[in-house]
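Engineer: got a predicted structure plus its sequence, pasted below:
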Amino acid sequence: MNDSLNALGRYVRARRGVVQPEEVGLVRQQGRRVTGLRRLEVAELAGISAEYYLRIEQGRIGRPSEQVLSSLARALRLDEESVAHMHRLVAGHPPVRSAPSPELTERIARTLSRWYRTPAYISDPHRDIVASTALAAALGHGGLAVGSNQVAALFNTRMKSTLVEWEAMTRSAVATLRRDAHPDSPRLADLVGELSSDPDFVRIWERHDVSGPEDTTFHIAIEGFGDVAIDAHNFAVRSLPGYQLTVLSAPPGGIAETLFAGLAASVPLSEAPGG
C-alpha cells in the first residue's frame, strides 16, 4: 500500500476520534461508547459511501479527488492549517530540508541576545531551542534555554502543576511539532520515543493535531506572585522554514510586568547568548 495513503488513513481516523457528535449537529444517543464520530457518520457528512470511506482509512484506494478531500475536511471540521497538512500527506513526504548555515543561525541568535527585557526564543522544526534570551531562560527555569526542547519541557511535573492552561498549551506545542518536523526525521523519532513514556504525551500525539492558537494568554503559578498572566505570540522565521520565534510579553498593568522587571534586573547581561 502507498505510504502517503496510509498516512492519510491514519490522519482521518485520528481526527474522526476528536470530533464530537454535537460539533457537527448530531444528537448524542444515550449509551454511546464511540469516542468521536463513527465511520458511517463521517461518510454521511462527507457525502460518500461508508465502504469508500473505510477504504480511505485503510489506505486501500488511489489518491482521493479534490472534491472528496474537501468534503472530508468539512466533515471533520479541519481548519486551514489542517487541510494543508492533509494535502501534504496525500502528496507524500517532502524532501528533507538542508540544515541552515551556521552564519545565519549565529546572526539570529546574536540579534535575540540583545533583547534584554523580553523573554523570547527560537525553536527549530523539532522544537529544540536554538536561540534564547537570558530572560526566557530565567523565566522557564532553564526549560527555555538553548539546548532544551520546548515540547519536552511541557511534560515535566513542575509545568503540569503550575501552568493553568497546560492541556491547551501542550496540545498547541505538540501540534507544531507534528506540523513542522519531517516525519522521517531521526530526531523526531527519538523525541517521540523519549516522551512516549508519558501517557499524556501519547494521548495528545495520537490526536494528530497540526494547529493551535498562535497568540494566546496563559497563566502560570509562580511562587511569591500567584497566578501570573503572560501573553505569548508565535511567528514563523521566513529565512528558516519550520523554525518558530516565540515572544512572551506582559499584559499592561499586570503582575507579569513586575516579574519581568525583577528577572531582568537579576540576570547579568553577560549571560545573554552571544553577548
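Structural biologist: Yes, it's here.

Engineer: surely residue 255 touches residue 229?
Structural biologist: Yes - contact criterion Cβ atoms under 8 Å: residue 255 and residue 229 qualify, at 7.3 Å. Heads up, the C-betas are built off the backbone N, CA and C, glycines and all.

Engineer: ok, now how distant is the nearest residue to residue 97 once chain neighbours are set aside from residue 209?
Structural biologist: Sequence neighbours aside, residue 241 is the residue nearest to residue 97 in space, at 6.2 Å (criterion: Cβ to Cβ, 6 or more residues apart in numbering). Distance, residue 241 to residue 209, by Cβ to Cβ, to the nearest Å: 20 Å.

Engineer: more neighbours: these two, which one.
Structural biologist: Counted by other Cβ atoms under 10 Å, residue 241 and residue 209 do not tie: residue 209 has more neighbours, with 23 against 11.

Engineer: the more buried one - nearest residue in space that isn't next to it in sequence?
Structural biologist: Using Cβ to Cβ, 6+ apart, the closest residue to residue 209 is residue 175 (3.9 Å).

Engineer: residue contacts, that neighbour?
Structural biologist: Residues in contact with residue 175 (Cβ atoms under 8 Å, 6 or more residues apart in numbering) are 209-212.

Engineer: tabulate these (TSV), appending secondary structure, distance to residue 169 and pLDDT.
Structural biologist: As requested, those are exported to TSV (DSSP: H, G, I helix; E, B strand; the rest coil; distance: Cβ to Cβ, whole Å; pLDDT from 0 to 100):
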residue	secondary structure	distance to residue 169	pLDDT
209	coil	12	97
210	coil	16	96
211	coil	14	92
212	coil	8	88
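
Engineer: buried subset of the residues you listed as a PyMOL selection?
Structural biologist: A single PyMOL command is used to select the members of these judged buried by 16 or more other Cβ atoms under 10 Å:
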select buried, resi 209+210+211+212
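
Engineer: what is the most widely separated pair among the contacts of residue 175?
Structural biologist: The most widely separated members of the contacts of residue 175 are 210 and 212, with 8.6 Å between them, by Cβ to Cβ.

Engineer: beyond whichever strand or helix holds residue 6, next helix or strand please.
Structural biologist: Counting by DSSP states H and E, the element that carries residue 6 is helix 3-18. Sequence order places helix 39-46 as the next helix or strand after helix 3-18, per DSSP H and E.

Engineer: show me what the next helix or strand after that next one is packed up against.
Structural biologist: Using DSSP H and E, the helix or strand that follows helix 39-46 in sequence is helix 50-58. Contact here means 3 or more Cβ pairs under 8 Å, 6 or more residues apart in numbering; DSSP states H and E; on that basis helix 50-58 packs against helix 3-18, helix 39-46.

Engineer: orientation of the helix or strand following helix 50-58 relative to helix 3-18 in degrees?
Structural biologist: Where DSSP H and E defines the elements, the next helix or strand beyond helix 50-58 is helix 66-75. Computed with axes from the mean of the first three to the mean of the last three Cα atoms, to 10 degrees, the direction of helix 66-75 lies at 30 degrees from that of helix 3-18.

Engineer: hmm, who's touching the next helix or strand after helix 66-75?
Structural biologist: Once helix 66-75 ends, the next helix or strand along the chain (criterion: DSSP H and E) is helix 80-91. Outside helix 80-91, the residues that touch it by Cβ under 8 Å, 6+ apart are 4-5, 7-8, 11-12, 15, 63-64, 69, 72-73, 78, 94, 178-179, 210-211.

Engineer: and helix 80-91, which residues are buried?
Structural biologist: Judged by neighbour count using 16+ other Cβ under 10 Å, the buried positions of helix 80-91 are 81-83, 85-86, 88-90.
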